[in-house]
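[1] Requesting a structural model of the entry that follows:
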Amino acid sequence: MGETAGTRGRLQHTRWDDIALEQLNPLIARHFVVGGEVMLARILLQRGAVVPRHSHANEQVTWVLEGALQFDIDGRTVVVRAGEVLCIPPHMPHAAVALEDTVDIDVFTPPRADWINKSDAYLRGGG
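    Now for the predicted structure:
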């Protein structure tokens, strides 16, 4: 089903392995599932990967499963390690760097339209 799975607002059941990874740049890949009001993304970041400073209207919850991400957010540096969660309010500018190879789960509400329609150029510019 490409990088997204399912149809918005309908019952879905899938495996991450059945959703193709979308390679955004040499160091970041992702796949995601979109529900009616929420999006769940699995993101793979190699050490040194940079997520440039950006903001969005979506509330975001980031759960690091493996590795560590260093966020520049709200005027401070926050390191989120495996087993930790960061909640980012809507419209709060943030950037991140992978301190090591990292797997994280991001939850967005509402779903990220820029990810769905592939207009998220800030992520597609390189590592």
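[2] shaky segments in the protein?
    Applying pLDDT under 70 to the chain flags the ranges 1-9, 126-127.
[3] Could you pull out the strands in it for me?
    Secondary structure of the chain, counting by DSSP state E: strands at 4-5, 22-25, 28-34, 39-45, 50-54, 59-66, 68-73, 76-81, 85-88, 94-98, 102-109.
[4] any chance of the ones you listed in JSON lines, plus distance to Arg124 and mean neighbour count?
    All C-beta spots, glycine's among them, are computed from the backbone N, C-alpha and C. What follows is the strands of the chain, written out as JSON lines (distance: least, C-beta to C-beta, whole Å; neighbours: other C-beta atoms under 10 Å):
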{"stretch": "strand 4-5", "distance to Arg124": "16", "mean neighbour count": "20"}
{"stretch": "strand 22-25", "distance to Arg124": "5", "mean neighbour count": "18"}
{"stretch": "strand 28-34", "distance to Arg124": "9", "mean neighbour count": "21"}
{"stretch": "strand 39-45", "distance to Arg124": "14", "mean neighbour count": "21"}
{"stretch": "strand 50-54", "distance to Arg124": "10", "mean neighbour count": "15"}
{"stretch": "strand 59-66", "distance to Arg124": "19", "mean neighbour count": "17"}
{"stretch": "strand 68-73", "distance to Arg124": "19", "mean neighbour count": "18"}
{"stretch": "strand 76-81", "distance to Arg124": "23", "mean neighbour count": "13"}
{"stretch": "strand 85-88", "distance to Arg124": "21", "mean neighbour count": "16"}
{"stretch": "strand 94-98", "distance to Arg124": "15", "mean neighbour count": "20"}
{"stretch": "strand 102-109", "distance to Arg124": "17", "mean neighbour count": "19"}
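[5] Can you lay out these as TSV showing distance to Lys118?
    Shown next, in TSV, are the strands of the chain (distance: least, C-beta to C-beta, whole Å):
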stretch	distance to Lys118
strand 4-5	10
strand 22-25	8
strand 28-34	12
strand 39-45	14
strand 50-54	15
strand 59-66	19
strand 68-73	23
strand 76-81	26
strand 85-88	22
strand 94-98	20
strand 102-109	15
